[in-house]
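Trainee: Below is the sequence, then the predicted model.
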Amino acid sequence: MILGLLREPGDETRVALLPELVKELVVAKVEVLTENSAGEKAFASDADYEAAGAKLASREAVFERAEVLLQIQPPNDSDLSLIKKTQIWISVFNPLWETVLVDTFLKKGLTTFSLDSIPRSTRAQAMDVLSSMATVAGYKAVLEAALRLPTFFPMFMTAAGTIRPANVLILGAGVAGLQAIASARRLGAQVQVFDVRSAVKEEVMSLGGKFVEVEGAVEDKAAGGYAVEQTEEFKRKQQEAIDQHAAKANVVICTAQIPGRKAPVLIHKATVDNMKPGSLIIDLAASTGGNCELTKNNESVVHKGVTIIGQSNYPAQMPVDASRMFGKNVFNFLKLIIGEEGTLNLNFDDDIVKGTCITHQGEVLNERVKSIIEKKNGSPAIKETEIKTGTKTKK
């Protein structure tokens, strides 16, 4: 198998594989083509990749020779013009949200794997890029808050008087939220946490956070640990509680997202109006609309003295360890599709391989993505062969 490691576009500083893992792939008899300067922003030189056994090449040459193309960011128009139908694209392209891109893959007949769609199972934990990157995001969000807040995080008892600890409100106790709790507590802040899933209460408390309960939450075991849409009555109760706690908070960190949907708005403009001047809102859900009504993705907005930071890619601010964690997840996934003697082996009997595959031979394989595409199109997703022949597969 020939694996093509691509340089990330734009401001993305991470790289999908560091040289240390390229070396392990080479040992597994995989030929690795690395685009020139692919790891430069993550402080991995071309010489490091060559020492690990990779072969350097231009982007065009990688697209020409590789069987599998690997990149963190989804393909842009230029990439889609270069990729061949026989090649496999592996990246993170948020298929539950980016359905237009999925349609493009279908029309081109591409085989694609989205690493953010890896099933939520014990066996797949070692490949879970979402959890790895959420860990970085939760940590960095707290550090940015500590740097930008005009007050201390911990309590100080000084000759000039006692400084009270910062009050941090965290919305969502997923991986990012839990890491934010741990980091804020280490810095000495008081932490309150909202989440619609009562199952995370013990984790929140074990990290030193106070879990704020709102009765009436709907939970769905089939959601794989993710939050689900709530009733209007629950939303009203939740909103009242959030408004009360936000008014007292110095920092609000928003992490609540629902896969395939716009992020729920939990902090309305009226809530921000009542917050303390100098306080901060850091919105990790900015890329899907944000949990704050005033959030703008990748921008900072100041409203009546409250700073709202829309940041959806904190991992790019920690490129070395973020790349190391991401790469290890990728490597563990690649082992599932590497056969004997380093050959490519797409075993769709493996639930992780099938669940991570979005499109293959003109068909959507991931069940959740298929459901969304069918709802969007108003009819079942059909195969490319059916489009060409005008036939229909019997259900």
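Mentor: Sure thing, it's come through.
Trainee: alpha carbons only for contacts and neighbour counts from here, please
Mentor: Will do.
Trainee: Kindly check the end-to-end length of stretch 283-297 for me.
Mentor: 9 Å (Cα to Cα, to the nearest Å).
Trainee: outside of it, which residues touch it?
Mentor: The contact list for stretch 283-297, computed with Cα atoms under 8 Å, 6 or more residues apart in numbering, reads 137, 253-257, 261-269, 298, 301, 308-312.
Trainee: In PyMOL, select just the buried ones from these.
Mentor: Selection of the buried residues among the contacts of stretch 283-297 in PyMOL, burial being defined by 16 or more other Cα atoms under 10 Å:
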select buried, resi 137+253+254+255+256+257+262+263+264+265+266+267+301+308+309+310+311+312
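Trainee: Could you list the low-confidence segments of the stretch 151-300 of the chain?
Mentor: Low-confidence segments of the stretch 151-300 of the chain, defined by pLDDT under 70: 216-230.
Trainee: on that earlier part again, just checking, which of the contacts of stretch 283-297 belong to strands?
Mentor: When those are checked against strands (DSSP state E), the matches are 253-254, 301, 308-310.
Trainee: Can you give me the domain assignment for this structure?
Mentor: 2-126+319-389, 142-317 (automatic domain parsing).
Trainee: Can you lay out those domains as JSON lines showing distance to residue 133?
Mentor: JSON lines is the format used below for the domains of the chain (distance: least, Cα to Cα, whole Å):
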{"stretch": "domain 2-126+319-389", "distance to residue 133": "7"}
{"stretch": "domain 142-317", "distance to residue 133": "6"}
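Trainee: Let me see the contact set for the residue most central in space within the chain.
Mentor: For the chain, the residue lying nearest the average C-alpha position, counting by Cα atoms, centre = their mean, turns out to be residue 130 (4.4 Å). Residue 130 makes contact with residue 116, according to Cα under 8 Å, 6+ apart.
Trainee: how far out from the middle of the chain is the helix or strand containing it?
Mentor: For residue 130, the enclosing helix or strand under DSSP states H and E is helix 129-148. Here the centre of helix 129-148 is set off from its chain's centre by 12 Å, with Cα atoms, centre = their mean, to the nearest Å.
Trainee: which is the next helix or strand following that helix?
Mentor: Counting by DSSP H and E, the next helix or strand C-terminal to helix 129-148 is strand 156-158.
Trainee: Can you tell me which helices and strands the helix or strand following that next one packs against?
Mentor: Counting by DSSP H and E, the next helix or strand C-terminal to strand 156-158 is strand 161-163. Secondary-structure packing of strand 161-163 (3 or more Cα pairs under 8 Å, 6 or more residues apart in numbering; DSSP states H and E): strand 156-158.
Trainee: residues of the strand it packs on that come out buried?
Mentor: In terms of neighbour count (16+ other Cα under 10 Å), strand 156-158 has no buried residues at all.
Trainee: Parallel or antiparallel, list what pairs with it.
Mentor: Using DSSP bridges, strand 156-158 pairs in its sheet with strand 161-163 (antiparallel).
Trainee: List the neighbours of the strand it pairs with that are in contact with it.
Mentor: For strand 161-163, the surrounding residues in contact (Cα under 8 Å, 6+ apart) are 152, 154-157.
Trainee: who touches stretch 202-219?
Mentor: With Cα under 8 Å, 6+ apart, stretch 202-219 has contacts from 173, 178, 181-182, 185, 190-198, 201, 227-231, 234, 237-238, 241.
Trainee: So which bits of that stretch are buried?
Mentor: Within stretch 202-219, the residues scored as buried using 16+ other Cα under 10 Å are 204, 207-214, 217, 219.
Trainee: Pick the one among those closest to residue 247.
Mentor: Residue 247 lies nearest to residue 212 out of the buried residues of stretch 202-219, by Cα to Cα, at 14.8 Å.
Trainee: mind checking how far the closest one is from residue 360?
Mentor: Separation of residue 212 from residue 360 (Cα to Cα): 44 Å.
Trainee: hmm, back to that, could the contacts of strand 161-163 go into TSV alongside distance to residue 316?
Mentor: Listed next are these as TSV, based on distance: Cα to Cα, whole Å:
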residue	distance to residue 316
152	26
154	28
155	31
156	33
157	37
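Trainee: Put the alpha carbons of stretch 341-350 into PDB.
Mentor: Taking Å, rounded to 0.1, in the frame of the first residue of the first chain, the C-alpha atoms of stretch 341-350 are listed here in PDB:
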ATOM      1  CA  GLU A 341       2.900  -7.500   3.500                       C
ATOM      2  CA  GLY A 342       1.600  -3.900   3.800                       C
ATOM      3  CA  THR A 343      -1.300  -4.400   1.300                       C
ATOM      4  CA  LEU A 344      -4.500  -2.500   1.400                       C
ATOM      5  CA  ASN A 345      -7.400  -4.500   3.000                       C
ATOM      6  CA  LEU A 346     -10.800  -2.800   3.200                       C
ATOM      7  CA  ASN A 347     -12.600  -5.200   5.400                       C
ATOM      8  CA  PHE A 348     -16.200  -3.900   5.600                       C
ATOM      9  CA  ASP A 349     -17.100  -6.800   7.900                       C
ATOM     10  CA  ASP A 350     -15.200  -4.900  10.600                       C
END
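Trainee: Perfect, I'm done here.
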